[in-house]
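Peer 1: Predicted model and sequence follow; I will ask about them next.
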Amino acid sequence: MTAAAPTPMTMAEKALARAAGRSQVAAGEFVTASVDLAMTHDIFAADVFGMLADAGIRRVWDADRVVVVFDHLVPPPTIEAAEAQRRARQHAADFGIRHFYAERAGICHQVLVEKGHVLPGRLVVATDSHTTTHGALGAAGSGIGSTEMAYVLATGRLWFKVPETIRFELVGELPEWVTAKDIVLFIAGRFGADVARYRAIEMGGPAASRLSVAGRLTISNMAVELGAKFGFFEADEAALAFLTGRTREPLEPFGPDDGARYLAAYSIDVSDLEPQVALPHNVDNVRPLSTVRGLRVDQAFLGSCTNGRLEDLAAAAAILRARTVHPDVRMVVAPASQEVYRQAARQGLLEIFSQAGAVVLNPGCGPCFGGHQGLLAPGERCIGSHNRNFCGRMGSSAAEICLASPAVVAASAVAGAIADPREYA
Amino acid sequence: MSTELQPFKGKVWLFGDDISTDLLSPGACVFATEQVRRQHVLEAADPRFAREVQPGDVIVAGRNFGCGSSRESAPENLKLVGLGGVVAESFARIFFRNAVAIGLPVVACPGVVAAFAPGDEIELALDEATVRNLRTGQVLQAERLAPDMLQVLARGGILPLLRELAADANAGPIPDPRPGR
Ligand code: SF4
């Protein structure tokens, strides 16, 4: 009997096959996979390690593959948050966690990619839904619950159902001032917030390979808002160049096999896109900017693991340079990491924000999930560069959240109402 | 460590599509006592269920079982009443993961609704992923669970398994299933 020819696999299938130690897996199967990287942050760390300690487990399966970050509530705004971080800090010491960043690094997903923990084709799990972010570097990243994380930390393994994949081919040239954020908002508006439920997404095509790594991170981050379990880009030269110098591991490109089978494939020409805005209270309630201009805003938020990177801050600063935030608007800027913060400081961007009247926060999640540092009063409206606009996410449930690119956020901050960055360029 | 999962039999309760976490764990009872939670599980879908379900009974249901919120009380309530397991055409992802995590057997089995009538006796072999109707003799092939899921189910959930791993002085590091790593 001759061996059957291997069936071409999607990125999700290839990554899970590798992690399961198999040459072949197919969508629909359950597999037990070895985890390459596990991360938990300040909201869940104390619980997860507490569960292990209660069960009598004293060490993690591989201290090199575990990362703990404090980012959601830093520095702690409440006694409870301080207490949770105190406990998590003690656990990190007891369990010998080597990659314990506390509040010194930034938002967890940005930290994982900056510090070279994420590699193409590897399996990344974290107690956070936006773990899809790591697909931007070709990694299979997905969020899991605390109990499952305890299991991962004890055993290094977890079970997965191999997902079907939806492929988006991006073609054409992005117009100036139209960004990766606008692409992903457009996809949410066109296809709906559950287009990829239980599924993986693969972004491909010439316009995808021209996107910067930062732009890819934005789209993969929001893949979860489309329901996706993984949100992949191919790990091409740009991805490997980004990783060079951040890791000592050998770097190899990672992509789907030719002829891989997709549940659906869509082609999107980005040439005609205009900036997009998601209106309250769902990520897929998306309109072209021109139809929502002039909508009054009370807060402008620039930051988050979606759009708090250097190129995001630079785009906003280009608009805010020599301008002032509208007197009725409070603008809050939170760089995604300390690395971004220091680069922004060196390039004079923080000074521009400060001069314009924005509040520059420490790196962290801050207002993104309504934790602290910029909550909304009833009746207030925020335009933000983050990823979720569910009712109540940033404070009062009688407030409204609109989502857009950093450039739109900055232009709107100046105008006091949703505005077009092309008029400020 | 073997999984030691024996096939088991139970009486069938039949439910339709989209049985939600609100039906399984009504919002008003999420923080109620175990006794109250037991009385209200699936009440709005079939009031007889909570009164008459016997330990070891099995739910056979349609598509998207457990849809809705991520509340772990949904599978917990089914465990509280002693349910042997749920066999459904398909499951909502988070419910499915939560059920395994707490040790409630769940099996996705396309075609299962058409193969069963209320009150039939079912035999479930998780290792083989087979579902048998003991009245008609019909056997269905369900989706196979991953080895670690079977092991977690055999131990009654992740937490008991973790305790067992910790207690087993000889356990040592768990071998990596991948060759050459
Ligand atoms: S920045 Fe927002 S979305 Fe990202 S990890 Fe923090 S809270 Fe979550």
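Peer 2: Now that the structure is in, tell me what you want to look at.

Peer 1: biggest strand in chain B, by residue count?
Peer 2: Determined from DSSP state E, the single longest strand within chain B is strand B:8-14.

Peer 1: how about stretch A:48-65: buried residues?
Peer 2: For stretch A:48-65, a neighbour-count test (16 or more other C-beta atoms under 10 Å in any protein chain shown) marks A:48-49, A:51-53, A:55, A:57, A:60-62, A:65 as buried. Backbone N, C-alpha and C define where each C-beta goes, glycine included.

Peer 1: What number of residues are in the vicinity of A:L289?
Peer 2: Neighbours of A:L289 under the rule other C-beta atoms under 10 Å in any protein chain shown: 23.

Peer 1: Same check on B:G85?
Peer 2: Per other C-beta under 10 Å, the neighbour tally for B:G85 reads 22.

Peer 1: Make sure it is actually in contact with B:V58.
Peer 2: Yes. Contact criterion C-beta atoms under 8 Å: B:G85 and B:V58 qualify, at 5.3 Å.

Peer 1: residues in contact with the longest strand of chain B?
Peer 2: Applying C-beta atoms under 8 Å, 6 or more residues apart in numbering or on different chains, the contact partners of strand B:8-14 are B:46, B:49, B:53-54, B:56-61, B:84-85, B:113, B:116-124, B:134.

Peer 1: show me what contacts residue 136?
Peer 2: Assuming you mean chain A. A:113, A:213, A:216-217, A:219-221, A:231, A:233, A:239.

Peer 1: my bad, chain B
Peer 2: Going by C-beta under 8 Å, 6+ apart, B:T136 touches B:115, B:120.

Peer 1: That one is in what secondary structure piece?
Peer 2: Using DSSP states H and E, B:T136 maps to neither a helix nor a strand.

Peer 1: Would you mind measuring from it to B:T130?
Peer 2: Distance of B:T136 to B:T130, given as C-beta to C-beta, to the nearest Å: 14 Å.

Peer 1: Chain neighbours aside, what residue packs nearest to the residue in chain B that the ligand sits nearest to?
Peer 2: As assessed by C-beta to the nearest ligand atom, the ligand sits closest to B:S70 within chain B, at 15.7 Å. The shortest distance from B:S70 to any non-neighbouring residue, by C-beta to C-beta, 6 or more residues apart in numbering or on different chains, is to B:I94 (4.7 Å).

Peer 1: quick one on the thing from earlier: tell me which residues in the longest strand of chain B are buried?
Peer 2: Applying a neighbour-count criterion of 16+ other C-beta under 10 Å, one finds B:10-14 buried in strand B:8-14.

Peer 1: Mutual contacts of B:G85 and B:V58, please.
Peer 2: B:10, B:124.

Peer 1: got any ranges where the chain has weak pLDDT?
Peer 2: Reading this off chain A. For chain A, applying pLDDT under 70 flags the ranges A:1-3.

Peer 1: hmm, I had chain B in mind actually
Peer 2: Applying pLDDT under 70 to chain B picks out residues B:1-3, B:169-181.

Peer 1: Could you point out the helix or strand that follows the helix or strand hosting A:A238?
Peer 2: Assigned by DSSP H and E, A:A238 belongs to helix A:237-243. Moving toward the C-terminus from helix A:237-243, the next helix or strand (DSSP H and E) is strand A:264-269.

Peer 1: Partner strands of that next one and their direction?
Peer 2: Strand A:264-269 has the following strand partners under DSSP bridges: strand A:165-171 (parallel).

Peer 1: Touching the strand it pairs with from outside, list them.
Peer 2: A:10-13, A:27, A:183, A:187, A:195-196, A:199-208, A:211, A:228, A:256, A:260, A:262-270.

Peer 1: Check what contacts the helix or strand that it is followed by and list those residues.
Peer 2: Note on strand A:165-171: by DSSP H and E, the next helix or strand toward the C-terminus is helix A:180-191. Residues from elsewhere that reach helix A:180-191 (C-beta under 8 Å, 6+ apart): A:168, A:170, A:174, A:195, A:211-212, A:214-216, A:218-219, A:222-223, A:225-226, A:266, A:268, A:270, A:273-278, A:283-287, A:306-307, A:385, A:403-406.

Peer 1: tell me the angle helix A:180-191 makes with strand A:264-269.
Peer 2: 130 degrees (axes from the mean of the first three to the mean of the last three C-alpha atoms, to 10 degrees).

Peer 1: Go through helix A:180-191 and flag the buried ones.
Peer 2: By 16+ other C-beta under 10 Å, the buried positions in helix A:180-191 come out as A:180-189, A:191.

Peer 1: again with stretch B:100-116
Peer 2: B:100-109, B:112-113, B:115-116.

Peer 1: Which ones among the residues you listed map onto helices?
Peer 2: Counted as lying in helices by DSSP state H, out of these, are B:100-102, B:112-113, B:115.

Peer 1: The residues you listed: which two are farthest apart?
Peer 2: B:A101 and B:A115 (28.0 Å; C-beta to C-beta).

Peer 1: Need phi/psi at B:F91.
Peer 2: Phi and psi for B:F91, reported as degrees, to the nearest 10, are phi -120, psi 150.

Peer 1: what's the neighbour count on the residue nearest to it when sequence neighbours are not counted?
Peer 2: Of all residues not flanking B:F91 in the chain, B:F65 sits nearest, at 5.0 Å (C-beta to C-beta, 6+ apart). Other residues near B:F65 come to 29 when the count uses other C-beta under 10 Å.

Peer 1: can you check A:V325 too?
Peer 2: Neighbours of A:V325 using other C-beta under 10 Å come to 22.

Peer 1: same check, this time on B:K79
Peer 2: Residues near B:K79, counting by other C-beta under 10 Å, number 16.

Peer 1: for B:A45, what are its contacts?
Peer 2: So, once contact is read as C-beta under 8 Å, 6+ apart, B:A45 ends up touching B:15-16, B:19, B:23.

Peer 1: you'd agree it is in a helix?
Peer 2: No. With DSSP: H, G, I helix; E, B strand; the rest coil as the criterion, B:A45 is coil rather than part of a helix.

Peer 1: these two touch, right, the residue of chain B closest to the ligand and B:F96?
Peer 2: No. Judged on C-beta under 8 Å, B:S70 makes no contact with B:F96 at a distance of 11.4 Å.

Peer 1: who has more neighbours, those two?
Peer 2: Set B:S70 next to B:F96 and count neighbours by other C-beta under 10 Å: B:F96 wins out with 23 against 13.

Peer 1: Nearest residue to that one in space, ignoring adjacent ones along the chain?
Peer 2: Nearest non-adjacent residue to B:F96 (C-beta to C-beta, 6+ apart): B:V106, at 5.7 Å.

Peer 1: Quick check: the residue of the stretch 201-350 of chain A nearest chain B.
Peer 2: When scored by C-beta to the nearest C-beta, the stretch 201-350 of chain A has A:K229 as its residue closest to chain B, at 7.9 Å.

Peer 1: ok so, going back, strands paired with the longest strand of chain B, and their directions?
Peer 2: Assessed with DSSP bridges, strand B:8-14 is paired to strand B:58-61 (parallel), strand B:121-125 (antiparallel).

Peer 1: The following helix or strand past the shortest one near chain A at all?
Peer 2: Past strand B:58-61, further along toward the C-terminus, the next helix or strand under DSSP H and E is helix B:73-80. No. Shown here: helix B:73-80 not in contact with chain A (C-beta under 8 Å from any C-beta of the partner chain), separated by at least 11.6 Å.

Peer 1: before we move on, back to that, hmm, which of the contacts of strand A:165-171 are the buried ones?
Peer 2: Neighbour counting by 16+ other C-beta under 10 Å classes A:10-13, A:27, A:183, A:187, A:195-196, A:199-205, A:207-208, A:211, A:228, A:256, A:260, A:262, A:268, A:270 among these as buried.
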